[in-house]
Each structure stands twice: as structure tokens, then as C-alpha cells.
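>>> what's the 3D shape of this:
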Amino acid sequence: MGRRISRRGLLQAGIVSGAAFQIALLGGPAHAALIEDARDTGPSWVGPNGRARFRMDAVAKVTGDKSFSRDYRSVDMPGWPSAQSHAFFIHAGRADHAFEGVDLSSLGEDLQPDRLVLGDELVKDGLFPPEGGNGSPPGFYGDVFMVPKGQTPRLLGQPVALLIYHDFARFDAAKRRVRFDANVVRWGARTGLNTPPHYGAARFVRIGGAHSSDPDVYSPFDGGTTVFGRFKGDDVVWPAADENGDPAARAMWAAGEIEREIAAAGEDALVLTREYHSQSIDASAMEGDNGNAWYDPATGVLRAVIATQSPYEVACSTAVMFAKSRYRLDKFDLSIGYTVGYGTKDHSIFPYFSIMAALYAEGRPVRLANDRFEQFRMGLKRHPFWMKNTLVADRSTGSFRILKCENRTDGGGRCNFSPDVASVGTTAAQSIYYFPRSDLSVAAYASRAVDAGSTRGYGTLQTMAATEMMVDEVAQLLAIDPIVLRQKNLFRTGMKNTQGAIPGGALRNDELLVKAREHPLWRERAAKKVAFERANPGKRYGVGFAQVQKDYGGGGDAAITTLSLDPAGRLSMRQNGNEMGTGMTTSQAVMVGKAIGRVPDHCTFGVTEWPEMPLFSNEEPYTMSQGEQDKLAANPRWTPSFASPMSASNSAYFVGHATRTAAQALLRLSLWPAAVALWSRGVGGGQMGPLAVERGGARFVDGALTAGGLEPLPLERLAAAAHALGLITGVSVHVFNRWQWASATFDVPTAGTIMLPADALSVQYGQGAPAERRALMTSGEFHFVERSAVEFPSMARNNAVVTYYTGMATIAEVMVDTATGKVELTNHHSILECGGEVVPELVSGQIQGGLAMGIGHALYEELPLYEGGPADGTWNWNRYRLPHGRDVAVWAQSTEVLAPLSDSDPPKGMAEVTMIAVVPAIANAVAHAIGARFYETPITPARVLKVLS
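You can find the predicted model right below:
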């Protein structure tokens, strides 16, 4: 679900760039671990065939064990004081008046807080959000945590006061008393709005050659650039056009050529322009934002339990936040539980609110946890989009010539990922089609709305839904079957995207279209419509189709996995990834089992302290120059980025790449040489002597390693031999991807020179290794093997924007009641292509959940942006309509997943794509039902009745 931006501004706030992150990575002031990591996985959840019988965490969850960060109190945390404090915020209900203070008289004497914290105190103490404060422009999280007296809130709902209580009963009573009391906040003069500067504007222009395979006349990837505009008020000013100028000027020349072609289109062309709107929604994760933190001012130790998808970012940014303040931070112990956020817990400001509260809790643990009213008020939202699309198609052939998109989005009062969501969403407007010419632009605006972030879909649901609705309308205007039109214009393997880059691997969208066209829901739609409407007067029947392909990954993805064997054959895994509801912990363990015949016996997830991987990073994978990367790459301990958050559907492929690479390395460097040693024992080379067997023939059968008819060896025997012989018994790999994997060469004792699709490697030697070799294990009991050569993806690959895609098609069947306007989804069928499934049951769960979320976006969910919206504190699920079981055709729906091309296909990220196609499929079905098209979501009864009136 998100991409990280440059942290240059963050790191310049009083800390030398390298030192800050080295400390965080090397276990200085910051590290994190999953709360549940002490639990051994055990073999019971895996069947004899290596297939997961249930999720790794299933028993703990169904038996009531604590799993989520929200479950924990100070008494549950070893070494913490048992007394628990609680805190809540008072929020700004206005954004155009000066804040003058709070009036807590309604609480009486008995319910006054034990500690009241205002924004002035934070400013005095130098406590600002990472990248903000000290007079600097508002950064990623804004410039201040709470509104100082005399200043105007930056956004509706911004905190103005923090109330801390040392007992729960008084806390709960006080919170209930002031929850809806608008008189608690005292306001001064009207000031007008105080929103930050607008967040950014970007443009992606491409003019292809005569054929897709020919060189582009202009594209961002092939010698061009992404064009960035500047704001003059609310207007975007683009660079001047010049055919012979710099890349940005040539891009604007190309945009002018496209505009002239649109204007000059003749009668042989259909030129269709439509405007679409996609609303703001709340992801409604069942676990609200929460944190429990304890700061000991005497020792400078901070301990916290926080719900987050990005523990590494929290650890690093907390160290930076402290460095700018008067507070001392000698150590930061961050514990994370399982969580669920749909992207809203990735780079959220809430963890820093929790840590801020701890600094004023007088040395006591303090819990800050949103109830549902507060979650609506503070939780990151999905960006609303306004889209003006122009599509030019050949009337005789149906071939697409041009796509032009002019988009804008509202990011609310904090920047967060708004510029990137805007760009990713806009480039995704290509959907599954090849466009010879395209001009895609977007502007991300600041406003007083609640801030929006990397909510599931990351801008692509909004733009691809619009494209799919538009293509359906083009098919109607050209009198072509909607699926046939899609087949004519399909983005096929080896073609270039709107940035001029060729995606990785085979694109199988054609297979999805063929299956959809043959499905009974589609084939029989005309006959069913006639029969249904004859039998049901006043009701209309419709079937719609849509197909999308969603990128996965962030263009700067990094992950680490460590695997190690003890002499008894117990396998342990350490992983930077953490669970957020997708089953990531289960699938990562299964990946190990598929590679080496055994799932780990013990797993630790959410790790950010990596003594075995002593790397440093400037954390600028998107913004440094090529020259700077080349210079830094000469240091074998440098990497472009250390660890990614759990976002952008990155666990199966990107985090999994580290796991698969580590497992393959363990097989290559440990298990295989141990097996060869055992098979070769005896005269004449033992049982292996007469045979010709190579590592490529290695297979695991019932957990034992065999090859070419040799004796199957269980992991226990292999581990014992590896330790006794002093072979490698543990490996740790770090991987990096910028739309291409980094690779490096390593000179490994006992193995010689090897090449891996990784940029860093550490190894651990068995107990029988000679003393001089064990002396090399100085990095967390591992030997960090400095690479002898490395190949990092070029910085130019950033202009590709995306090279990895997952496809999904959905057919939706609806019934529209013309008397009430209600749209009922009666059936839907989806077809997914996601490479090699790791755990099919987890894929099924993601499909079902994604479809439900998409149905909610299409038909039910909507939030006002400003006054009267969620920031006023009165929104809950009694006002916000989520889809129910009866709304999603729960008993009629069906899905299928394409089989992989071969058993070597890696898994693809698919958690986001599953919710997108159903949105335009429903819109297209409604158009088929009533003969009228909708250009905004949700399609509510009131909007249907308005069209029918």
C-alpha cells in the first residue's frame, strides 16, 4: 500500500545523516521487535506436504492470546511499571480562527487531568514532528504536533491539548464528558485558513514510435524525465516547452504535440472527454491507531508498544525527533504487535503522538488509543480525486491513439504521501491498455481536510476506475463489445507503459479477458436482462465488466532475512517484515519450507536491530544523483535503503525475495555441502561416488534432502554435519529493488566467489570451524562478507515509476430498483493472475476482503471533506455505511486464480488489486441496467433517482 520519500530534510535537523541511521541500525538508541516473536511456531500448523493447515498465529488468536498492540497494557510488558496512565486529545473544530486555549471547567474539580499539555509547551521543549519545526517549512507530518496559542490550526481536527490521567476511571469519565462539547476550545479572532503550501504537481508525457517496439520520440524512462510543476496560487505552472531543450522542456513540447493532435482530430476519430470524481473514504481498520509508551527521564530510555506498518521508520524518526528537542534518548525499545491498517498505519503521525505523550507523563507509562470517533477524526483517509480524461480512438478499428488525464487530489492538512499517491495513481490510469501517446498530469493540493495517506490502492483505484468506466462508454459509442475493445487495445508483454518502461515478466491480461468473455455471467447477460425485467416490473438488470492491473512495490524496496541452524537442526528466522493482517508471517515461513524442506521452528518478525547486517544508508533511493550513488556504492557497507515498511503489496514478492534468497543461500552454502560430505563418506567416494549428481538436482522429500537417488537426509543430520565440519550454518541477506534487483559478488570462505541477487551477505560458521574463521564473526556472531562487486539499479529507473503488475478482472451483476434507486449486487465473478501462490487460502482471503472494500467504495462509503466531515468528532459507523454480508453477494460470488506459468514463478503482490476492478464493474453494470452512466462514486440511491427522474 505506499512509497517512501527522501529523508534528507529529516536528517539535516541536527544529526549527521550517516550517524543517525547507523545508530538506529546497529542497535544504538533504537530497535524494534514483534511482541509475539518469543512464541515458537512449532510444526502443527504445517501439513506433511509442507502446506499450511492454518495461519501461524491462528491458535493464539482463537484462544484469546494477546496479538494486537491495542491488547497490551503496561502490566503485560516485562520490566514496565504496572501502573498505567491514559491520555486523550482535545481537537480543533475550526480551521479559520486563532486558538486561545481550553476551558475545562465542565470537568469540575474531580475530573481535571493530572497533566495538561498544550502546544506552546511542545514548542518550548523543541518537540516537533520529524521534518517539521524550528521555523522550517511543513514537512511530511506537518510543522507542529499541537496548535500553539495564538495560531490557527493547519487542519480540522488537529489536536490543541493533551489530557493525561493516572487512573482509568477518571480518564474515561472525563473523555465522555467533553467528547462533543464544542465549548471546551476557546477561539480568538477569525484569521482565515492556515493550510500548508500545496504538495506538488507532476506530469508524465510519452510519444511512442510507429510501433511499440520502436524507440520513443519522448518518454520519461528513455532519456526523458518526470516533469514537476510549481504552484502560483492554486494554478500549476509547468516548464516552458522547447523541442531542443532539457528533458523537462522536451516533455512539454511533446505535451503540446499531443494537444495539437487532439485538437486536429478528424471525423475518423472519436474524441471523448469526461470528468470523474472519486470520494474520500475511511479504511475502517478494526484496530484503531494506538500506542503505549514509557519514558524514563532518569535513564533516557524510551519503551513503546505501537501499532505500525513501518517500525523501521518509527525507530529512526523518533531518534531524529529527540535530537531536535531538549529530551535525551539513550535507548529506544519499540515493540510492535500484529496490526491491520490497509495502509493507514504506514507513515502515520500517530506513533509520534504516542511518544510525545510519554514525555509528559511524569515517568509513567501512558496509553493513547483512538476509539472509533477519534479514528474517524484522526485516521489517514483515501485521497479524493477529480479526473478529467480525454481518450482518442480510431472509429473504424477501435484502436486507441491518445490518453490525456488532468487530475487533482486533496491531501488534507499534512503532506504525508500525497505527492506520491498523486503520481502513482495518475500513471496507473493507463490500466491494461497500450497508448501510443499519453499526457498524464496531476496536482496534489493542501487543504483543511483530515490528512490522506497511503490507503489501500494508493491512488490507483480512483484513476483506473475512471479509465475502465470510460473504456466501457467508448465501446458503447463505437458499438463494439466491451471485452473485444479491450482485447484490441491490450497492453501486452514487451510493450512500454506510459513512462516508456517495459514491465517485468509476462503480462497475462489476454488470458483474463478470454476467461471473462466465456463466463456465463457475461455470455448470457442480454437474455437474462430481458427475462429478469419482464418478470420484475420496476426493476432493471445489468452486467458490467472491468479489468485492471495494479503495480506492486515502491521503487525503493529493501528487506532483510536471517536464517540459522543450531546443531540439533532447529531452524530460526529473523525478518524485518511484520504482520498487518495479510498472513505475511505465515507465508514467509512457508517460503522457507518450499526452498529447504522445513519451515522455521522459531520466527522473529518486525526486527529493526540487525547487528549481523552492519549497513548504513542515506535513505535517498529516489532523489540522489547517479554520481552520488556510484560513489557511495564503492563502500561495501552502504545500501540505498535499509528496510521498507509493510506497504505497496510488498510482502510476498519484495520481502519474500529476501527470504527466498536467504533460503537458497543456506541450501547452497550449508545444506548441500553437508549432504555431499555425508553422501561421500566411505571408500571410493561413498554412495555418491558412482553417480553424477549436481546441486540443481536437489529435492526435499518429507523434509529430507535427496538428489539423483541418494539417501534422503533430514535437516537434523545436515545441521549436525555442518556444525561438525565447520561449514556455514547461518546466512543473512539484504536485498534492494528499484524496479530491478541489486546483485553483488561475494568471496565467501568455504565457498569461493558467489553471486547473489542481494547487495549484502553475512554468514555464520558452525561450531567445528577453525578459530581463525570463527574470529571473523564480529557482527552479531556473524561474519559480514564485504561484497567485491555490486550492481545497483540506475537512478534512471525511478522514471519507470513501475515495472511489476498483477492483473484482475471482475464481472458484476446488479439489480436496480427504479422506485428506491437502490443498487443491489446480486453476483460477481473475479479472475486473478498473481504468479505462484504461496498460501492459496491467504490469497482467497485477500480477494474476498478486497472485493468487499471495493464494493463499499462503489456503492456506500463517502466522507465530506471539510466542515461536517469526520474531523468534527461525530462520525462513527452509525453514520458511515460499510458494506454488510448481504451487500457483497456472499453466497453467489466466485473467483478463480490463473495457474502459474511454471513452478518457478515468484508470487506477485496482490492485496490491493483485488478491490479495484469491482468498482468500475459495478458502475458499468448500473449503466447496462438503466442506460445512464455515472461519473462519480459512490453510486447512491439518491444519485440513481436523480438520473432516473
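>>> which stretches of the stretch 101-250 of the chain form helices?
In the stretch 101-250 of the chain, the helices defined using DSSP state H, counting those that start in this stretch lie at 119-124, 168-178, 247-263.
>>> cool, the stretch 501-650 of the chain as well?
Using DSSP H, counting those that start in this stretch, helices in the stretch 501-650 of the chain cover 509-518, 520-523, 525-535, 584-596, 626-633.
>>> returning to that earlier point: please dump the helices of the stretch 101-250 of the chain into JSON lines; it should also carry distance to residue 393 and mean neighbour count for every row.
In this view, the C-beta of every residue, glycine as well, is placed from N, C-alpha and C. Putting the helices of the stretch 101-250 of the chain into JSON lines (distance: least, CB to CB, whole Å; neighbours: other CB atoms under 10 Å) gives the following:
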{"stretch": "helix 119-124", "distance to residue 393": "55", "mean neighbour count": "17"}
{"stretch": "helix 168-178", "distance to residue 393": "58", "mean neighbour count": "16"}
{"stretch": "helix 247-263", "distance to residue 393": "12", "mean neighbour count": "18"}
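>>> can I get those helices in a markdown table with mean pLDDT?
Compiled in a markdown table, the helices of the stretch 101-250 of the chain are given as follows (pLDDT from 0 to 100):
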| stretch | mean pLDDT |
| --- | --- |
| helix 119-124 | 97 |
| helix 168-178 | 98 |
| helix 247-263 | 97 |
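>>> hang on, isn't residue 807 packed against residue 551?
No. Under the contact definition of CB atoms under 8 Å, residue 807 does not touch residue 551, with a separation of 11.1 Å.
>>> If I look at residue 42, what pLDDT would I see?
We note a pLDDT of 52 for residue 42 in this prediction.
>>> cool, and residue 386?
With respect to pLDDT, residue 386 has a value of 98.
>>> likewise the one 10 residues further on?
The predicted local distance difference test score for residue 396 is 97.
>>> separation between it and residue 191?
Distance of residue 396 to residue 191, computed by CB to CB, to the nearest Å: 60 Å.
>>> Compare these two (neighbour count), which wins?
Set residue 396 next to residue 191 and count neighbours by other CB atoms under 10 Å: residue 191 wins out with 17 against 9.
>>> Tell me which residues touch the closest residue to the more buried one other than its chain neighbours, please.
Once flanking residues are discounted, residue 191 sits nearest to residue 152: 4.6 Å by CB to CB, 6 or more residues apart in numbering. Listed by CB atoms under 8 Å, 6 or more residues apart in numbering, the contact partners of residue 152 are 95, 96, 97, 98, 99, 191, 192, 193, 194.
>>> would CSV of the helices of the stretch 101-250 of the chain with distance to residue 294 be doable?
Formatted as CSV, the helices of the stretch 101-250 of the chain follow (distance: least, CB to CB, whole Å):
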stretch, distance to residue 294
helix 119-124, 19
helix 168-178, 16
helix 247-263, 50
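>>> For residue 863, which of these is the nearest?
helix 168-178 (23.1 Å; CB to CB).
>>> quick one: the closest one to chain centroid distance?
How far helix 168-178 lies from its chain's middle: 36 Å, per CA atoms, centre = their mean, to the nearest Å.
>>> Show me which positions of stretch 666-686 end up buried.
Using 16 or more other CB atoms under 10 Å as the test for burial, stretch 666-686 gives 666-679, 686.
>>> Give me the contact list for that stretch.
Outside stretch 666-686, the residues touching it (CB under 8 Å, 6+ apart) are 563, 565, 595-596, 687-690, 695, 698, 705, 707, 710-711, 713, 715, 717-719, 721-722, 725, 727-731, 748, 750-751, 754, 763.
>>> how far does it stretch from start to finish?
End-to-end span of stretch 666-686 (CA to CA, to the nearest Å): 24 Å.
>>> And for stretch 87-104?
Stretch 87-104 end-to-end distance (CA to CA) = 15 Å.
>>> Run through the protein and note the low-pLDDT ranges.
Within the chain, the stretches with pLDDT under 70 are 1-43, 132-137.
>>> from the buried residues of stretch 666-686, which is closest to residue 619?
For the buried residues of stretch 666-686, the minimum distance to residue 619 (CB to CB) is 28.9 Å, reached by residue 666.
>>> hang on, that closest one in a helix?
Yes. If the criterion is DSSP: H, G, I helix; E, B strand; the rest coil, then residue 666 is within a helix.
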